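*Asks:* my questions are about this predicted structure, shown below with the sequence.
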Number of protein chains: 2
Amino acid sequence: MLPFTNQPVGQLFDETLPNPFSIPSAMTHPLFSKHEDSLQKALAAIETRGYWSPFAEMPSPKVYGETANADGEAAFRAHLNRTFDIDQPTNGNTVGSESSPFGLPLAIRYPQSTPAALIEAAASAQRAWRDAGPTAWVGVSLEILERINRASFEIGYAVMHTTGQAFMMAFQAGGPHAQDRALEAVAYAWDQLRRVPADAHWEKPQGKNPPLAMRKRFTVVPRGTGLVLGCCTFPTWNGYPGLFADLATGNTVIVKPHPGAILPLAVTVRIARGVLREAGFDPNVITLLATEPNDGELVQQLALRAEIKLIDFTGSTQNGTWLEHHAHQAQVFTEKAGVNQIVIDSVDDIKAAARNIAFSLALYSGQMCTAPQNIYVPRTGIRTTEGTLTFDAVAQALAAAVEKLLADPSKAVELLGAVQNDGVMQRIDEARKLGRILVDSKALEHPAFANARVRTPLVLQLDAATDHAQFTKEWFGPISFVIATDSTEQSLELAARTAVEHGALTLSVYSTDDLVLEAAHETSLRGGVALSINLTGGVFVNQSAAFSDFHGTGANPAANAALTDAAFVANRFRVVQSRIHVEPKAVAA
Amino acid sequence: MLPFTNQPVGQLFDETLPNPFSIPSAMTHPLFSKHEDSLQKALAAIETRGYWSPFAEMPSPKVYGETANADGEAAFRAHLNRTFDIDQPTNGNTVGSESSPFGLPLAIRYPQSTPAALIEAAASAQRAWRDAGPTAWVGVSLEILERINRASFEIGYAVMHTTGQAFMMAFQAGGPHAQDRALEAVAYAWDQLRRVPADAHWEKPQGKNPPLAMRKRFTVVPRGTGLVLGCCTFPTWNGYPGLFADLATGNTVIVKPHPGAILPLAVTVRIARGVLREAGFDPNVITLLATEPNDGELVQQLALRAEIKLIDFTGSTQNGTWLEHHAHQAQVFTEKAGVNQIVIDSVDDIKAAARNIAFSLALYSGQMCTAPQNIYVPRTGIRTTEGTLTFDAVAQALAAAVEKLLADPSKAVELLGAVQNDGVMQRIDEARKLGRILVDSKALEHPAFANARVRTPLVLQLDAATDHAQFTKEWFGPISFVIATDSTEQSLELAARTAVEHGALTLSVYSTDDLVLEAAHETSLRGGVALSINLTGGVFVNQSAAFSDFHGTGANPAANAALTDAAFVANRFRVVQSRIHVEPKAVAA
């Protein structure tokens, strides 16, 4: 165990006291010691939230090995056209109907497990895992992460061909960035776990009588079994924080991937099981529940089981709200839909701003929970260093930037990736009818994947006065609106109200006026939404850096938690105490 | 602001950077500085959870002043037969129907407020309170506590004549012990708040290109308005942790006392409002909602209001579960019913054990959420140093200890206090029919209060084989059962299962066998319930010491939270960030 910060020197803690319990006190697990250095760095990072990234984000042969890419792709391809190899309780059937947005035939099947069998398996695994204690939970979690990092290429290709992300993004967001988020969750978990003293000597003065003295023992106990419900766009990035927060606090975990993106989490679970087995634990501490798209009812039944004490969900508002309203037996963490917004008030350089915004609209075809949708521009135009720019000129600048960014299809596909599912395709068609089209969505041919479903962003012009009902709901996908408002004041008011009522993960403002920035800051506090100011360079509003940016706040309907903070982890374990009389020290001395 | 522990020396934090925001960064509030020393001691205490108590528990003239008792009683009596003086929004009517369990006529009325008016008042007060920041929230909270401590006698008499606690207990549990719990909650809140850096410099290397650099600002924002729903037995002890956790994290608070115990919280709220006003804040940061017993529907409507983001409840399982299942917009903390249990396996000295248990049964007539109800004894008897003691002998020893403890009525009333309400009286009558009576409940005359409702404990003999349905529910009040079991193994199994299914705050075991103690420890982990071992001296299972004992675990149905741990506070605030590009330092250097 790490020493507690600022602990008075041995004052209230005495290892020489007889231990009245026969279970030995927890010792540091070897895997904890092995990874303690990186854990310490992670703890320092979450205290300052400056830049830190332990897992290399570039798919560089120097870091990952000369053959890592080829090996990873081969490992990915070895999963195709067969049943995934994972030795957990199964009923003998198989499930699985993933399809690659790039058109690559997958035909991967997974052993089918019943929720009841996985709950039973978790219950059997729980006791020894619980008794292993915090350093084992954290050490095993960190070892799993190291192994996952080595599989970054395999997981990258798996993410690419389930989510539709272009490879570079799939590698980074699905690999090292997701691993960073996972380590961040483990660090926050440990930061809370280490605050619980294992033991205490309590001695209460009784005037002239001998003091009352007790030895107390505090045991961290997990909540039970956690259920991680993955999404189809960022299965690892959004799934890992809950998964690792659960593991690092001693819970068992059932991972239920989105039926459209099973493979990345299946590979993850298999690696985790391997580490658990090697460390002498029942691998059923973590299991995979692969499902078909029509298995929703089965998942709902599982989510209400008394044994499920924690649920981490990323997905639709409908499903997330259902869990919040029905799974009373569990602590439910949700990330749901939201409406991300940009307020343009004034700029130094409209081209730089438009370039940055266009990138955010194009990246992964807007299929990011952080991608902007509403761009508010005063109908009277905006101030720039070269005089006033009309609303139409701003709208045109944005449209031109999108078109220029995607002018070369072979480069464009590396930014856009592919559209994850037909729902997004249909939404693009539906959105076309909403207003004047500034940039139409086009199909692009992918040079490497003839059947890839590639679409460029659709940008429409709307008006705050008439189109409120449309732009205050989420149009998930490459769909955005340049919205004419009466003023920046109205833009900010709309931004705050939309965040409060409909949720938002990001808010972006462009202004050269300090008073407007101050008002935007107040808007972000009211809306409970992260604010980015005057992004014109190499940082984009959709990006959220582990160890520095909080992803989500929990303060508006888009998410009831943040990745990652103390509130995300502190409720995943409980403390049970014992106390027994001992000889007072004041008398013995 | 306190320095963050272990923060790397200025590495990622540079005060010389231009602040792009015009709101000045938070400065330490004077009330924070004033109380920083005691806050630091509280932080040290929660790290070790050894003995610490900042507020003197003895009602000593040396500590509280020569005239403190007389002044406090006079202050209490000044509230009788009039309308309580509190200048908050009111509709002009008055409410209130408290009655003293000691028979003292109270006739206290309180200004009636509508929930809507209090929510509106809280909303008006919120912005300036929010902007004041963590050191103001914590500083003001600590100042309020200091003032409350000075009013300990007034509050003690108010607790006595609403709850029925004898004066010494009312003073201690309702005064300094409740204040200790409040300070503990503030310390846990600050311990989490101080972990959020106010500001960060983020600088990401870009190979040969200049690094990307951003300045980030992290603002702690409260959740909104907290609702504290008090109970009629420990209005301050159970109400303060949530109340002060809310205030210390920047929330506004509406305090809705139990209609049977309004005065202690009314005095508390008035003191808090005074401190807020003096510190320049709108006193409506905290308001009182006094109600009549038939106002339940009004309270339910309030609990579902969108503005109510936090609810702290102590009371019946029915009401607590209703809140958990319906108030989806709020974070709900509940303490509900439970069945506390004692497992007797073997003892050195049955008299010492029985004396200790009898005290726990008698204290405040068993009207403590921590009081034991089920006492499991093997029907084959128990081992003692003087040979085997039959089941009947154990039951008789317990009965004799209760009778001996309460033999002198004038001393007994100081231990028993009075019965809070008619429900408890009826329950005693109902319980009499359940089994063989070992000790019958008697009415005692109170030498000072002729109309006091004083009852001694009822102790019955039941059998695990036949009476399961009866003893697995809570019989709140001076009602306990000596239950014959097949073995200690069965006793422990019953204890675990009852805790898991019906909730429990305390578990007590008597055994001279290390293997049994180990099994009892496992029982406590399974049941998620605090364990006391072989209590035969001056510590009783009902007692829970702030800064050392966790009250409740959140791990069984008796409570979904513990007083006080990180999970109790971490979800009461959110962090909203802003980020803006700045010049990279790596280039500037």
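*Replies:* Everything's here; your move.

*Asks:* give me the nearest residue to the most centrally placed residue in chain A, chain neighbours excluded.
*Replies:* By Cα atoms, centre = their mean, chain A has its centre lying nearest to A:N238, at 2.9 Å. In space, not counting the residues next to it along the chain, A:N238 is nearest to A:T314; the distance is 4.1 Å by Cβ to Cβ, 6 or more residues apart in numbering or on different chains. Heads up, the C-betas are built off the backbone N, CA and C, glycines and all.

*Asks:* pull out the CA atoms of the longest strand along chain A and give them to me as PDB.
*Replies:* Longest strand of chain A, by residue count under DSSP state E: strand A:209-222. Only the C-alpha atoms of strand A:209-222 are listed here, as PDB (Å, rounded to 0.1, in the frame of the first residue of the first chain):
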ATOM      1  CA  ASN A 209     -10.700   6.800  34.100                       C
ATOM      2  CA  PRO A 210      -8.600   4.800  31.600                       C
ATOM      3  CA  PRO A 211      -9.400   5.800  28.100                       C
ATOM      4  CA  LEU A 212     -11.700   3.600  25.900                       C
ATOM      5  CA  ALA A 213      -9.600   2.100  23.200                       C
ATOM      6  CA  MET A 214     -10.600   0.200  20.100                       C
ATOM      7  CA  ARG A 215      -8.800  -1.200  17.100                       C
ATOM      8  CA  LYS A 216     -10.800  -0.700  13.900                       C
ATOM      9  CA  ARG A 217     -10.400  -2.400  10.600                       C
ATOM     10  CA  PHE A 218     -11.800  -0.900   7.400                       C
ATOM     11  CA  THR A 219     -12.400  -3.300   4.500                       C
ATOM     12  CA  VAL A 220     -13.100  -2.000   1.000                       C
ATOM     13  CA  VAL A 221     -15.800  -4.100  -0.600                       C
ATOM     14  CA  PRO A 222     -16.900  -3.900  -4.200                       C
END
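
*Asks:* contact partners for A:C231?
*Replies:* By Cβ atoms under 8 Å, 6 or more residues apart in numbering or on different chains, A:C231 lies in contact with A:238-239, A:258, A:261, A:314-315.

*Asks:* apart from its neighbours in sequence, what residue is nearest it?
*Replies:* A:T314 (4.1 Å).

*Asks:* what is the neighbour count of the closest residue to A:A530 other than its chain neighbours?
*Replies:* Computed as Cβ to Cβ, 6+ apart, the closest residue to A:A530 that is not its neighbour in sequence is B:Q577, at 5.0 Å. Residues lying near B:Q577 (other Cβ atoms under 10 Å in any protein chain shown) number 22.

*Asks:* hang on, the earlier thing: what's the spacing between the residue nearest to A:C231 and chain B?
*Replies:* 19 Å (Cβ to the nearest Cβ, to the nearest Å).

*Asks:* what is the burial count for that residue?
*Replies:* When counting by other Cβ under 10 Å, one arrives at 26 neighbours for A:T314.

*Asks:* one more: A:D37?
*Replies:* Using other Cβ under 10 Å, A:D37 has 9 other residues around it.

*Asks:* the host helix or strand of it packs against which elements?
*Replies:* Assigned by DSSP states H and E, A:D37 belongs to helix A:30-48. Packing partners of helix A:30-48 (3 or more Cβ pairs under 8 Å, 6 or more residues apart in numbering or on different chains; DSSP states H and E): helix A:134-150, helix A:176-193.

*Asks:* deepest-packed of those, please.
*Replies:* Most buried of the helices and strands packed on helix A:30-48, by mean neighbour count (mean count of other Cβ atoms under 10 Å in any protein chain shown): helix A:176-193, with a mean of 27.

*Asks:* could you check how far it is from the centre of its chain?
*Replies:* How far helix A:176-193 lies from its chain's middle: 11 Å, per Cα atoms, centre = their mean, to the nearest Å.

*Asks:* could I have that helix exported to CSV, CA atoms only?
*Replies:* The C-alpha trace of helix A:176-193 is given here as CSV (Å, rounded to 0.1, in the frame of the first residue of the first chain):
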residue,chain,number,x,y,z
PRO,A,176,-3.9,4.6,-26.9
HIS,A,177,-6.4,7.3,-26.2
ALA,A,178,-8.9,4.8,-24.9
GLN,A,179,-6.1,3.2,-22.8
ASP,A,180,-5.2,6.7,-21.5
ARG,A,181,-8.9,7.1,-20.4
ALA,A,182,-8.8,3.7,-18.8
LEU,A,183,-5.6,4.5,-16.8
GLU,A,184,-7.1,7.8,-15.8
ALA,A,185,-10.1,5.9,-14.3
VAL,A,186,-7.8,3.5,-12.5
ALA,A,187,-5.8,6.4,-11.1
TYR,A,188,-9.0,8.1,-9.8
ALA,A,189,-10.1,4.8,-8.3
TRP,A,190,-6.8,4.3,-6.5
ASP,A,191,-6.8,7.9,-5.4
GLN,A,192,-10.0,7.2,-3.6
LEU,A,193,-9.2,3.7,-2.4
